[in-house]
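> have a look at this prediction, sequence included:
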Amino acid sequence: MKTLILTLMFLFLAVVMLAIKVLFVKGGKFPSGHVHDIGALRDKGVRCGRDQ
């Protein structure tokens, strides 16, 4: 039972930490995880597998 409670606490903390920018920054939103939106990957020529 302790393990379950500890796991749920860590999951809650992770979600809160991910949502801080969305909740507290005006106009904030989650960063894009798409390959075409990440400049470093574009510079290396990495493309989305769905586009190929």
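Great, that's in hand. Source: prediction; values computed, not measured.
> Val46: what secondary structure?
Recorded secondary structure, Val46: coil (DSSP: H, G, I helix; E, B strand; the rest coil).
> what's the closest non-adjacent residue to it?
Distances taken as Cβ to Cβ, 6 or more residues apart in numbering put Val35 closest to Val46, at 5.9 Å, once the chain neighbours are dropped. Yep, even glycine has a C-beta here, placed from its N, CA and C like the rest.
> I'd say that neighbour and Gly45 touch.
No. Taking contacts as Cβ atoms under 8 Å, Val35 lies outside contact range of Gly45: 10.7 Å.
> what is the burial count for Leu41?
Counted with other Cβ atoms under 10 Å, residues neighbouring Leu41 total 14.
> show me what stretch 18-35 is in contact with.
Contacts with stretch 18-35, where a contact means Cβ atoms under 8 Å, 6 or more residues apart in numbering, come from Ile38, Leu41, Arg42, Val46, Arg47, Cys48.
> so where is this structure shaky, pLDDT-wise?
Counting by pLDDT under 70, the chain shows low-confidence ranges at 51-52.
> which residues of it fall in helices?
Along the chain, counting by DSSP state H, helices occupy 2-24, 39-43.
> of all the contacts of stretch 18-35, which two lie farthest apart?
Spatial extent of the contacts of stretch 18-35 (Cβ to Cβ) is set by the pair Ile38 and Arg47 at 11.5 Å.
> brilliant, that's me finished.
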